[in-house]
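Enquirer: Take a look and give me a structure for this.
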Amino acid sequence: MFLIVGLVVLLFAPSPWNLVGFLVALALFGGEVAYWTRAMRRRRVQAGAETLIGRRGSAVEPFSRTGQVRLEGESEIWSARTIHGGPVEGAVTVVGVDGIVLVVEPGRGR
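Expert: The predicted model follows:
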């Protein structure tokens, strides 16, 4: 927004003030870019498999190392693996993501 204002000032203001106004608007534009860059970096991921961490669900079938889980409120079935290696039955909680495979922990689900 400030860049457009600066260009308008540069084109239509009288001689010494057009350059001053343009430089002020350019500085404000730099501040605006810095503000929005910082604000967007603080936002959490809102899409992708990373949003599934902390979600609860249940194992489709009992498994020991790798298997499939269905998360609460979802119709999809996800491939999953457990880091503990023990049998997984029933409730699980997603503790990580490895590509498109969910890393789950047994027993803390619903």
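Enquirer: for the lengthiest strand in the chain, what is the average pLDDT?
Expert: If you go by DSSP state E, the chain has its longest strand at strand 91-98. Strand 91-98 shows a mean pLDDT of 92.
Enquirer: Likewise for stretch 8-15?
Expert: Across stretch 8-15, the average pLDDT comes to 88.
Enquirer: What separation is there between residue 8 and residue 36?
Expert: 21 Å (C-beta to C-beta, to the nearest Å). Placement of C-beta: from N, CA and C, glycine included.
Enquirer: now the longest strand of the chain, how far from the centre of its chain.
Expert: Here strand 91-98 shows a centroid-to-chain-centroid distance of 17 Å under the convention C-alpha atoms, centre = their mean, to the nearest Å.
Enquirer: and if you look at stretch 16-29?
Expert: Using C-alpha atoms, centre = their mean, the offset of stretch 16-29 from its chain centre is 36 Å.
Enquirer: for stretch 5-12, same thing?
Expert: 38 Å.
Enquirer: Show me what counts as buried in that stretch.
Expert: 5, 6, 9, 10 (16 or more other C-beta atoms under 10 Å).
Enquirer: wait, isn't the second one in contact with residue 22?
Expert: Yes: taking contact to mean C-beta atoms under 8 Å, the distance of 4.6 Å between residue 6 and residue 22 places them in contact.
Enquirer: just to revisit the earlier point, and the buried residues of stretch 5-12, which two are furthest apart?
Expert: The span of those, defined through C-beta to C-beta, is set by 5 and 10 at 9.6 Å.
Enquirer: just to revisit the earlier point, need the next SSE after the longest strand of the chain, C-terminal direction.
Expert: Later in the chain than strand 91-98, the nearest helix or strand by DSSP states H and E is strand 101-106.
Enquirer: In the sheet, which strands lie alongside that following strand, parallel or antiparallel?
Expert: strand 77-82 (parallel), strand 91-98 (antiparallel) (DSSP bridges).
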